[in-house]
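**Q** Quick one: sequence and predicted model below, then my questions.
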Amino acid sequence: MPGYGDSPPAEMVATAQGRVAFLDHVLQELGMRRPVLVSPSMSGRFALPFLLARWAQLTGFVPVAPVGTKDYTAEQYQRVQTPTLILYGDRDTNLGLQALQSLRHLPGHHVAVVRDAGHACYLDKPEDFHRALLRFLRQLE
């Protein structure tokens, strides 16, 4: 993601609107129509404003203890009609629970807790993570 990790800072993603436009552009370039957006950790800075602005473009949303959830109100979340699976590791007692407190306002959400896993539950317990993800994806079919 531009501006994260070893990538240079990028003016285009300095605002939430810029991050929405960037993610929209990436999805268009990839030819993706109504994808399921999986958003672990720092990608929440891109995925959450995209979800709130363009939820109708998504078939599903899977936040995995994303950052930035407290930046939005319960009312903003309640407007989203995208099926959502809130996923986090039970050992992620900080960001996972914090994200759950905000994201629980999304209508029609489900919660899956990966046992004995930390913040990067997809790395700690990949089989359990993928089992929960696949169960959610099958429900969307």
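**A** Structure received. Numbering: from 1, shown residues only.
**Q** Could you report the separation of residue 14 from residue 105?
**A** 27 Å (Cβ to Cβ, to the nearest Å). All C-beta spots, glycine's among them, are computed from the backbone N, C-alpha and C.
**Q** So the two - more neighbours on which side?
**A** residue 105 (17 against 12; other Cβ atoms under 10 Å).
**Q** what's the neighbour count on the spatially closest residue to residue 66 that is not a sequence neighbour?
**A** The shortest distance from residue 66 to any non-neighbouring residue, by Cβ to Cβ, 6 or more residues apart in numbering, is to residue 44 (2.6 Å). The number of residues packed near residue 44 is 22, by other Cβ under 10 Å.
**Q** before we move on, what SS does residue 44 have?
**A** At residue 44 the chain is in helix, as set by DSSP: H, G, I helix; E, B strand; the rest coil.
**Q** show me where pLDDT drops low in the chain?
**A** Of all residues in the chain, none has pLDDT under 70.
**Q** which stretches of it form helices?
**A** For the chain, the helices defined by DSSP state H occupy 16-29, 44-54, 74-78, 95-103, 121-124, 126-140.
**Q** Highest mean neighbour count across those helices, which stretch is it?
**A** Ranked by mean neighbour count under mean count of other Cβ atoms under 10 Å, these are led by helix 44-54, which reaches a mean of 22.
**Q** Quick one: work out the angle between that one and helix 16-29.
**A** Relative orientation of helix 44-54 versus helix 16-29 (axes from the mean of the first three to the mean of the last three Cα atoms, to 10 degrees): 80 degrees.
**Q** Need the contact partners of helix 44-54.
**A** 1, 13, 16-17, 19-20, 22-24, 37, 39, 58, 61, 63, 66-69, 71-72, 76-77, 79-80, 82, 99 (Cβ atoms under 8 Å, 6 or more residues apart in numbering).
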